[in-house]
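Novice: got a structure for you, letters missing:
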Ligand SMILES: [Zn+2]
């Protein structure tokens, strides 16, 4: 299992895919995601809280809310993300209209977006911007030339632990991060890549549905290279997809790639030629400008070995056709619309179910966010996240950490040495609130108005050089992996750090216009959830310095497993469909974090009151406000296929069951007078307390 958690299920976003793939931004007007208190109108007071707490807190909202037609689910998080996207779009569009000083970030944002939107210039340029790349591919004469070109395509576009992006269309991907054996240094991590479809399963799965997708993919490859004027497309497409299938066979599964204990493999530069013969590695590394690095981490060694062998065995012409196809596909967002339409016809209806592409302006906003994310984020934070909100959130974090420290002291089953390391981890925890302490800058990134293609290419190269530039420098634990305008939260296990972006520190999660009780119930439990991941069976893999070193004793593990079995049983009972129950084992790590996060947030709330009683508001006591606010933060509904898919594949339980976490907290029973016989009632010994 990985040691990571994004609080909300992530959407993959790269500069290329941001613009090419359909993300979920509703075409309909966003409902304002504001709260300023309990949404009493959205509750259903006819439901007994002890029978169905989610329904009690959200019943009327569930009854009256339609999922927008272009979405598979809808709820508090997606409403807030939509509102935030619109604000970001406004900021970007204002920058495009304004006249920031030449070279300023404001000007870069504006020019990047305006160029992306200038479809007249893009159509007029045709395939011309691609020519230098296609010429370089055509000029490859031997395996050495192939290695050099492949090296030049390496980009910093993957992340094995934090943002967890395992996909790159390039043959390999680079992630520069803290070394897991020596946390004082950065290491270059190399990850498998090279597929046009999202995962190896699309190439090797034997189901009829997947076979159908493969046929459609080959048709797409044929059509796309045909649009680029390449002759004999059908034969070439067949060879390209055969090559990709061989690459896929070498790939690790997504699950194996997520296993940190399998990924931490150190290779010296000279190891590559013996451990992964085939590719001319010295030339590859020279092409990638990594030829002075001696130490690498190879995340999926057998995949690198397999891919490297293919570069020596497969015909050079097949490789050249493959590279030509990917050079086109990875840039369709900034090429003439016929190429984009062709690509969407596969990635939209066939792969994701989306029937129409997102509006160009929405793709433009995503692309700008991907290329200049922290520059946009700085403007966003200045506008929407005032310093007093940052201070308020930091104080809350302080109370949460203090609550965890008390809880760790009180755990009976954890060995003293383990407790000591747990507290050491708490002491060094670096919790980022709102935005980074220092902003990554974009000086040196050249944005040229009217050159959408060049801007995208330069932005990717700029991020690559920024990443490579970190090698040899001291590790910066204040670095962020999520932009401030992201509605999400993340635990960075090796860095013992967390990011809570400004965009999640908004109503309905965080709101200065309402009592603290409600903030602790909503964002407080989210912060608690992320902190809990630092100590659970996943966090146990990383010590307080960020080394990959299991600091739990075998006895600790045994105790932990026994108490977690109760939680597995609790979630196995949840059955949204007669034929399908929640998988208590699959969702265990997240459910533990939910229980621990809510318990710590409840303690922290009381700690913040300093023994004084919380005022009654809207007819609810402080404790009632805390729990209702928690359940309303989980408000959401999903279409049946999406819910089934989530239950089968997602490590997080569906929202209504996450809201039901309350049944493990004693304070909930007294707040709502929950009694034996109520459906959610748990006898005291069955309430799970992890720490
Ligand atoms: Zn989590």
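Specialist: Ah, there it is. The structure presented is a predicted model; accordingly, all values stated were derived computationally and were not measured. Residues are numbered from 1 along each chain as shown.

Novice: Would you confirm that residue 472 contacts residue 188?
Specialist: No: the criterion here is C-beta atoms under 8 Å, and residue 472 misses it with residue 188 at 10.6 Å. All C-beta atoms are positioned from the backbone trio N, CA, C, and that covers glycine.

Novice: Please say which of those two ends up with more neighbours.
Specialist: Neighbour count, other C-beta atoms under 10 Å: between residue 472 and residue 188, residue 188 has more, with 23 against 10.

Novice: which SS state does that one fall under?
Specialist: Under the three-state scheme (DSSP: H, G, I helix; E, B strand; the rest coil), residue 188 adopts strand.

Novice: Now do it against residue 235, distance only.
Specialist: Using C-beta to C-beta, to the nearest Å, residue 188 is found at 38 Å from residue 235.

Novice: What segments of the protein are strands?
Specialist: Here the chain has its strands, by DSSP state E, at 5-6, 73-75, 172-178, 186-192, 266-268, 295-298, 430-434, 490-492, 497-501, 636-638.

Novice: Walk me through which strands the last one pairs with, and which way each runs.
Specialist: Strand 636-638 has the following strand partners under DSSP bridges: strand 73-75 (antiparallel).

Novice: And for the strand it pairs with, what's in contact with it?
Specialist: Outside of strand 73-75, the residues within contact range by C-beta atoms under 8 Å, 6 or more residues apart in numbering are 65, 67, 68, 634, 635, 636, 637, 638, 639, 642, 643, 655.

Novice: From the residues you listed, which land in helices?
Specialist: Among the contacts of strand 73-75, the members falling in helices (DSSP state H) are 642, 643, 655.

Novice: Wait, the second one touches residue 574, no?
Specialist: It refers to residue 643. No: the pair residue 643 / residue 574 is not scored as a contact, 11.7 Å apart, by C-beta under 8 Å.

Novice: For residue 446, which non-adjacent residue is spatially closest?
Specialist: Counting by C-beta to C-beta, 6 or more residues apart in numbering, residue 458 is the residue found nearest to residue 446 once chain neighbours are left out, at 5.7 Å.

Novice: Let me see the contact set for that neighbour.
Specialist: 445, 446, 447 are the contacts of residue 458 under C-beta under 8 Å, 6+ apart.

Novice: Now do the contacts for residue 149.
Specialist: Taking C-beta under 8 Å, 6+ apart as the test, what residue 149 contacts is 136, 137, 140, 287, 323.

Novice: Could you check how many residues crowd around the third one?
Specialist: What it means is residue 140. Residue 140, neighbours per other C-beta under 10 Å, totals 19.

Novice: try residue 219
Specialist: Neighbour tally, residue 219, other C-beta under 10 Å: 16.

Novice: on that earlier part again, out of the contacts of residue 149, which sit inside helices?
Specialist: Within these, residues falling in helices by DSSP H are 136, 137, 287, 323.

Novice: residues contacting the last one?
Specialist: If a contact means C-beta under 8 Å, 6+ apart, then residue 323 has 137, 140, 149, 150, 153 as its contacts.

Novice: Next, find the distance separating the residue nearest to the first one when sequence neighbours are not counted from residue 295.
Specialist: To tie it back to what came earlier, the one meant is residue 137. Spatial nearest neighbour of residue 137, chain neighbours left out: residue 323 (4.9 Å); criterion: C-beta to C-beta, 6+ apart. Per C-beta to C-beta, residue 323 is found 28 Å from residue 295.

Novice: Residue 264 now?
Specialist: From residue 264 over to residue 295 the distance is 12 Å, taken as C-beta to C-beta.

Novice: one step back: could you dump the contacts of residue 149 into JSON lines and include pLDDT and distance to residue 165?
Specialist: Below are those laid out as JSON lines (pLDDT from 0 to 100; distance: C-beta to C-beta, whole Å):
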{"residue": "136", "pLDDT": "98", "distance to residue 165": "26"}
{"residue": "137", "pLDDT": "98", "distance to residue 165": "26"}
{"residue": "140", "pLDDT": "98", "distance to residue 165": "28"}
{"residue": "287", "pLDDT": "98", "distance to residue 165": "23"}
{"residue": "323", "pLDDT": "98", "distance to residue 165": "22"}
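
Novice: Redo those as a markdown table? Include distance to the ion.
Specialist: Listed next are the contacts of residue 149 as a markdown table, based on distance: C-beta to the ion, whole Å:
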| residue | distance to the ion |
| --- | --- |
| 136 | 44 |
| 137 | 43 |
| 140 | 45 |
| 287 | 39 |
| 323 | 39 |
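
Novice: What residues does residue 628 make contact with?
Specialist: 38, 43, 57, 518, 521, 620.

Novice: how about 7 Å then?
Specialist: 38, 57, 620 (C-beta atoms under 7 Å, 6 or more residues apart in numbering).

Novice: And the pLDDT at the closest residue in space to the second one that isn't next to it in sequence?
Specialist: What it means is residue 57. In this structure, residue 57 finds its nearest non-sequential neighbour in residue 631, 3.6 Å apart by C-beta to C-beta, 6+ apart. pLDDT for residue 631: 98.

Novice: what do you get for residue 366?
Specialist: pLDDT for residue 366: 92.

Novice: Tell me how far it lies from the ion.
Specialist: According to C-beta to the ion, to the nearest Å, residue 366 stands 25 Å off from the ion.

Novice: again, but for residue 577
Specialist: 24 Å.

Novice: How about residue 631?
Specialist: Residue 631 is 18 Å from the ion, by C-beta to the ion.

Novice: For that residue, give me its contacts.
Specialist: By C-beta under 7 Å, 6+ apart, the contact set of residue 631 is 53, 54, 57, 58, 659.

Novice: and residue 450, how many neighbours?
Specialist: By other C-beta under 10 Å, 15 other residues sit near residue 450.

Novice: which ones are touching it?
Specialist: Going by C-beta under 7 Å, 6+ apart, the list of residues near residue 450 reads 115, 118, 121.

Novice: now the closest residue to the last one other than its chain neighbours: how far from the ion?
Specialist: Ranked by C-beta to C-beta, 6+ apart and with sequence neighbours excluded, the top spatial neighbour of residue 121 is residue 450, at 5.2 Å. Taking C-beta to the ion as the measure, residue 450 falls 44 Å from the ion.

Novice: By mean pLDDT, flag the weakest helix or strand of the chain.
Specialist: helix 15-20 (a mean of 36; mean pLDDT, DSSP states H and E).

Novice: Check which residues of the helix of greatest length in the chain are buried.
Specialist: Longest helix in the chain, counting residues (DSSP H): helix 387-410. Neighbour-count burial for helix 387-410 flags 389-390, 392-393, 396-397, 399-404, 407-408 (criterion: 16 or more other C-beta atoms under 10 Å).

Novice: for stretch 589-598, which positions count as buried?
Specialist: 589, 590, 591, 592, 593, 594, 595, 596, 597, 598.

Novice: what sits up against it?
Specialist: Against stretch 589-598 from outside (C-beta under 7 Å, 6+ apart): 1, 5, 525-526, 528-529, 532-533, 536-538, 564, 567, 571, 630, 651-653, 658, 661, 664-665, 688, 690-691.

Novice: which stretches of this protein have low pLDDT?
Specialist: 1-35 (pLDDT under 70).

Novice: re earlier: which one of the strands of the chain lies nearest to the ion?
Specialist: Evaluated with C-beta to the ion, the strands of the chain place strand 5-6 nearest to the ion, the distance being 2.9 Å.

Novice: ok so, going back, just the ones in helices from the contacts of stretch 589-598, please.
Specialist: Secondary structure from DSSP H places 525, 526, 528, 529, 532, 533, 564, 567, 571, 630, 658 of those in helices.
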